[in-house]
Structure formats: C-alpha cells, structure tokens
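>>> For reference, the sequence and a predicted model appear below.
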Amino acid sequence: MLAVRRSPLSRAPMLGLSSALSMLSAIEASAPSARLGEVTEADDHYTVTVPVPGLCRDDITLSASDTTLTLEGARSLEAPEGFTVIHRERSDGRIRRRLRFSRTIDPGSITAQLTDGILTVTVPKSAAARVRTIAID
C-alpha cells in the first residue's frame with residue numbers, strides 16, 4: 001500500500017513512468033511472500049495449494065520425506081528471437097517451499113495436479129498417523 005502525505009493546499013505528487021514502474025517492480029519482488037499458498041487438513045490427508053504462475057510441469061520438482069514436502073521450481077523469461085524486452089513486470093527466479101507437517105505422511109501416495117497456474121498437491125497421512133475412532137465394548 002502506498003500512502004501519500006499532502007499539505008492542505010498542495011497537489012499530490014505526480015509519478016513519472018520510471019517511478020511507477022520501479023514501484024511495480026518493488027511490489028512484484030515482495031509478492032512471493034504473499035503467494036505462499038495454503039494448506040488444509042482432513043482426517044486422512046493434507047491438501048497444499050500453491051500459485052505458480054508462469055511455471056509448467058517440467059519446471060516443478062516435488063520431493064517428500066516422512067514429515068516434509070519440498071516444492072522447487074524455476075522460471076526463466078526470455079524474449080522471442082528478434083525482440084528486445086523494453087519493460088518486464090514479472091521476474092526470473094527460483095521458488096522453494098518446504099512444508100513440515102505435524103504428522104507422518106505417506107510419500108509414496110502423494111498426487112499433484114497443475115491447472116491454470118495453481119498447483120494442488122494431495123498429501124496422504126500415513127496409516128499410523130490417521131485419527132481413528134475406537135469402539136468401546
């Protein structure tokens with residue numbers, strides 16, 4: 001959020017194109033922390049939803065251990081041959097998210113789906129970590 005302080009009779013300062021573009025770049029640079037995604041929990045699994053704009057399936061690597069899911073990816077933006085970039089609001093770069101779950105997960109049963117720039121990962125809990133209802137005789 002940008003706040004401008006004005007004196008009672010003065011006009012708001014005008015921003016030039018380069019100043020406005022610099023502000024957009026600063027917002028874009030800070031945006032990854034705002035795009036961490038979300039994790040929801042059901043009785044038998046977790047669902048992880050992460051926005052990954054500009055990445056395709058080949059750009060993303062998922063790995064898992066007993067309690068950790070790691071997402072890694074890289075985005076490179078190149079101008080088509082014969083063109084020169086004069087303005088860019090997105091940036092090249094790598095992303096890495098490591099999620100540590102409170103319960104043991106089943107790495108062999110994890111599934112992932114990428115649709116419209118949103119990665120959805122279903123992370124099943126291990127059988128030993130699932131909540132069970134015990135009948136009383």
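Okay, I see it.
>>> Listing request: residues of this structure with sub-threshold pLDDT.
1-36, 130 (pLDDT under 70).
>>> need the helices for it, in chain order.
Under the criterion DSSP state H, the chain contains helices at 17-34.
>>> quick one: the strands in it?
Taking DSSP state E as the criterion, the chain carries its strands at 38-41, 45-51, 60-64, 68-75, 93-100, 111-115, 118-124.
>>> quick one: which of those is nearest Val85?
Ranking the strands of the chain by distance to Val85, with Cβ to Cβ as the measure, places strand 68-75 first at 14.7 Å. For glycine as for every other residue, the C-beta is placed from the backbone atoms N, C-alpha and C.
>>> Name the strands paired with that closest one and say parallel or antiparallel.
strand 60-64 (antiparallel), strand 93-100 (antiparallel) (DSSP bridges).
>>> quick one: that strand to strand 45-51, angle?
Orientation check (axes from the mean of the first three to the mean of the last three Cα atoms, to 10 degrees): strand 68-75 against strand 45-51 gives 20 degrees.
>>> Can you point out the buried residues in strand 68-75?
Within strand 68-75, the residues scored as buried using 16 or more other Cβ atoms under 10 Å are 69, 71, 73, 75.
>>> Same check on stretch 53-65?
Neighbour-count burial for stretch 53-65, with 16+ other Cβ under 10 Å as criterion, is recorded at 55, 59-60, 62, 64.
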